[in-house]
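Enquirer: here is a sequence with its predicted model. Questions after.
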Amino acid sequence: MRRNLAARIGVWSTHHRKTAVLGWLLFVVLATSIGGATGMVEMTNAESGAGESARAEQILLDAGLDKPAGELVMVSAPAAGDWKPAAEALADAVRQTGEAQNIAPPVASEDGKEALIAFEMKGEAATSSDRIQPVLDAVAAVGEDHRDAEIHQFGEASAGKWLGDLLAEDFKKAEFTAVPLALGILLVAFGAVVAALLPVGLALTACMAAFGLLSIASHQLHLFQTTYSVMFLMGFAVGVDYCLFYLRRERDERAAGRDAETALRIAAATSGRAVLVSGLTVMVAMGGMFLSGLLLFKGFALATIIVVFIAMLGSVTVLPALLSWLGDRIDAGRIPLLNRRAKHGQAGSGRIVGRVLGPVLARPRAFAVAAVVLLLALAAPALGMKTESLGLEKQFGSDSQLSIAHSRITESFPGGPAPALVVVTAPDITAPEVTKALGGFKDVTVHQDKNVAEIEIPLPDGTAGLTELREKILPTAFDGTGAKAHVTGETAGSVDFNDQLRRGIVPVFAFITAVTFLLMLFCFRSYVIAVTSIALNLLSVAASYGVMTAVFQHGWGASLIGSEGVGAIEAWMPLFVLVVLFGLSMDYHVFVVSRIREARGGGLDNRAAIETGIRRTAGAVTGAAAIMVAVFAVFGTLSMQDMQQMGVGLAVAVLLDATVVRMVLLPSVMLLLGERNWRTPRGLSRLPSLEDDGYDSHDGYDGYDSHDGHAGHGDPTGPVHAPAPAAPQL
């Protein structure tokens with residue numbers, strides 16, 4: 001008998017167990033070691049931006065005009081002038097570290113109770129955070145010696161150091177919280193220690209290898225600081241889920257009376273195939289982010305593609321090899337109360353799901369309408385969604401150390417809105433016409449040897465002032481001079497980034513919807529299933545948007561997770577969540593619909609196939625969803641606002657997807673569509689298919705009773721089937 005690709009890989013792995021396992025371990029060790037030795041390369045300010053502001057930053061970088069990292073230290077005292085002893089000691093301590101330069105004399109505030117000391121870090125600004133610690137220690141020591149004074153420090157280097165330490169601490173928190181949560185859920189799902197440890201171990205080793213490969217790749221495609229966190233978030237959740245799907249099917253077949261080798265072959269041909277299709281869908285969907293035009297999303301896409309590919313590879317190669325070697329020892333370390341259902345062949349029968357599914361299939365129209373209304377109601381707040389690049393205080397919270405320092409300094413020494421920086425280039429920056437144009441501005445710095453000039457221009461009107469500067473002032477000033485002027489700065493960078501996001505979301509959305517449609521079409525040979533897949537995904541995404549907007553923009557219930565409403569959603573979040581959810585939703589969709597398709601191919605009518613498929617996948621979907629929700633929810637408790645938004649958004653979407661969508665909306669819609677679910681267009685029959693290429697559905701479907709979930713009884717309302725033939729041995 002011909003086998004599909006997943007089955008062939010599974011057969012090879014079981015016949016070459018030592019090669020598969022040792023090869024995997026060698027791959028993980030090499031990838032981790034080489035990646036750790038090379039290190040990660042982070043993107044520059046120019047690379048993280050977009051449009052005109054990014055071009056301006058790149059000009060300065062290429063000309064070697066990168067400014068040193070600036071630092072500000074404010075010393076406060078109860079009475080005017082009392083800060084002087086502490087300020088003098090602080091300046092001396094900072095100077096003695098050997099890391100600072102251009103230390104300016106203290107500048108007093110209007111009331112004389114505060115003084116501001118400004119200085120610059122030596123060396124490149126990009127690496128200043130790695131060298132700031134001696135300065136931080138010196139400032140802290142002065143604070144200890146002068147208890148009567150209050151000291152706050154803020155700057156590019158200190159903020160970078162603080163952020164790096166925070167991300168490292170958050171990543172450890174996520175890792176040490178998510179892993180035990182996933183292990184606990186798997187213990188409940190399988191009732192055995194070894195069965196629970198196997199998916200966690202494979203997922204962690206997949207993440208380790210992916211970290212190494214991503215570090216190597218970062219030398220060509222530079223990464224954002226949070227990319228590793230995103231990779232772990234996706235990789236661990238997906239890796240555990242893929243193993244769970246595979247392992248759950250193998251145990252179901254064993255509980256149904258199959259011998260170990262046959263159960264493993266069926267799991268490879270069915271769940272293994274679903275893992276391949278799901279992984280391929282996630283990777284292709286994430287590839288859509290390369291169309292965004294932003295390096296940030298390209299890094300996210302590359303990280304996710306790498307970790308999903310490795311997790312998928314491990315699930316279809318190493319997992320069957322380990323299962324073949326372990327045999328019945330997979331149930332070692334049984335927990336009696338949790339293992340009872342599996343021992344009696346009830347794993348996945350879904351009694352609770354059966355109670356829900358019965359009424360849904362009895363009144364599909366009413367439940368479909370109710371589910372859609374619920375999802376649209378949750379999505380309603382998204383109509384008022386506002387996006388922006390969150391500033392310091394919004395990103396880290398008003399009570400964080402960094403936000404307090406920044407707030408206190410700006411309150412005592414207000415500088416107004418951040419000025420725009422105009423970068424002017426010309427073949428000859430000293431040409432008379434260029435010099436005349438530059439003379440019309442204040443605060444001009446000319447770098448004659450670089451043919452570059454810098455102009456600082458205040459923007460009291462914010463974005464309105466930026467528009468006037470770009471569209472009127474600069475064109476008028478430099479028209480006919482041969483010079484080119486590019487505007488950068490905080491306001492310009494934010495505007496350009498958001499503009500690129502708005503332009504990029506259309507091609508990204510078109511790409512992922514088209515790819516999802518084609519993959520589902522080839523997989524199930526049904527345009528109806530392909531269209532409903534997209535529609536259901538969009539409902540989940542819309543509901544996720546609505547919840548994020550309600551919690552993080554309006555602050556409804558934000559305090560429950562230790563967050564606060566900040567009046568906006570991080571600018572890159574909607575696009576990221578859209579792409580990720582389109583990919584992740586396919587995990588459950590492919591798994592569930594594949595089981596329905598399998599039952600349908602076994603001879604059951606549409607209603608019985610839907611009920612059988614939903615009930616037989618209920619346990620795996622519930623366990624997989626619980627793990628993903630738990631992992632994502634952990635990220636919802638981290639320190640950074642964007643990580644919180646991402647974690648809550650994804651957790652809510654997966655929860656809704658695994659409950660309302662897969663258990664209510666999907667079966668009701670498929671029942672209403674009837675036989676149209678399975679109609680294959682004439683032209684499609686000649687196209688390549690991702691469907692099983694010869695897998696005998698009777699080998700994996702043995703007449704599960706759609707009413708009680710037991711094997712061997714058949715469906716009393718459906719056709720009578722011949723006994724399933726004995727499955728070939730591996």
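Expert: Good, I have the coordinates. Residues are numbered from 1 along each chain as shown.
Enquirer: buried set for stretch 324-331?
Expert: Ser324, Ile330, Asp331 (16 or more other Cβ atoms under 10 Å). Placement of C-beta: from N, CA and C, glycine included.
Enquirer: wait, the last one sits on Val194?
Expert: Yes: using Cβ atoms under 8 Å as the test, Asp331 is close enough to Val194 to be in contact (7.1 Å).
Enquirer: which stretches of this protein form strands?
Expert: In the chain, the segments counted as strands under DSSP state E are 70-76, 100-101, 107-108, 114-121, 150-155, 387-388, 420-425, 444-447, 452-457, 484-488, 569-570.
Enquirer: mean neighbour count and distance to Thr410 for those - can I get that in CSV?
Expert: Converted to CSV, these look like this (neighbours: other Cβ atoms under 10 Å; distance: least, Cβ to Cβ, whole Å):
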stretch, mean neighbour count, distance to Thr410
strand 70-76, 23, 10
strand 100-101, 18, 22
strand 107-108, 14, 14
strand 114-121, 22, 11
strand 150-155, 22, 9
strand 387-388, 16, 19
strand 420-425, 23, 18
strand 444-447, 14, 24
strand 452-457, 20, 18
strand 484-488, 22, 21
strand 569-570, 24, 22
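Enquirer: nearest to Gly201, out of those strands?
Expert: For these, proximity to Gly201 was assessed by Cβ to Cβ; strand 569-570 is nearest, at 33.5 Å.
Enquirer: quick check: mean pLDDT across that closest one?
Expert: Across strand 569-570, the average pLDDT comes to 90.
Enquirer: name the helices or strands packed onto that strand?
Expert: strand 387-388, helix 641-656 (3 or more Cβ pairs under 8 Å, 6 or more residues apart in numbering; DSSP states H and E).
Enquirer: just these: most buried one?
Expert: helix 641-656 (a mean of 25; mean count of other Cβ atoms under 10 Å).
Enquirer: in contact with the residue positioned nearest the centre of the chain, which residues?
Expert: Central residue of the chain (Cα atoms, centre = their mean): Val230, 4.3 Å from the mean position. The neighbours of Val230, taking Cβ atoms under 8 Å, 6 or more residues apart in numbering as the test, are Phe300, Ala303, Thr304, Met646.
Enquirer: likewise Val75?
Expert: For Val75, the contact set (Cβ under 8 Å, 6+ apart) comprises Trp83, Ala86, Ala87, Leu90, Pro106, Glu114, Ala115, Ile117, Ala149, Glu150, Ile151.
Enquirer: any chance of those in a markdown table, plus pLDDT?
Expert: Formatted as a markdown table, those follow (pLDDT from 0 to 100):
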| residue | pLDDT |
| --- | --- |
| Trp83 | 90 |
| Ala86 | 91 |
| Ala87 | 91 |
| Leu90 | 92 |
| Pro106 | 90 |
| Glu114 | 90 |
| Ala115 | 91 |
| Ile117 | 91 |
| Ala149 | 87 |
| Glu150 | 90 |
| Ile151 | 91 |
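Enquirer: just those now: which is nearest Val316?
Expert: Ile151 (57.4 Å).
Enquirer: so which of the helices and strands packed on strand 569-570 is nearest Val73?
Expert: Across the helices and strands packed on strand 569-570, closest to Val73 is helix 641-656 (Cβ to Cβ), at 26.3 Å.
Enquirer: and that closest one, what does it pack against?
Expert: Against helix 641-656 (3+ Cβ pairs under 8 Å, 6+ apart) you get helix 227-255, helix 392-396, helix 527-548, strand 569-570, helix 573-601, helix 606-635.
Enquirer: closest to Phe171 out of those?
Expert: Proximity to Phe171 (Cβ to Cβ) singles out helix 227-255 among the helices and strands packed on helix 641-656, at 5.6 Å.
Enquirer: that closest one vs helix 641-656, what angle?
Expert: If you take axes from the mean of the first three to the mean of the last three Cα atoms, to 10 degrees, helix 227-255 sits at 20 degrees to helix 641-656.
Enquirer: average model confidence for helix 227-255?
Expert: Mean predicted confidence for helix 227-255 is 85.
Enquirer: likewise for stretch 181-190?
Expert: 85.
Enquirer: where does pLDDT dip in the stretch 1-150 of the chain?
Expert: 1-3 (pLDDT under 70).
Enquirer: likewise for the stretch 251-400 of the chain?
Expert: 337-351.
Enquirer: and stretch 660-676, how far apart are its ends?
Expert: Taking Cα to Cα, to the nearest Å, stretch 660-676 runs 23 Å from one end to the other.
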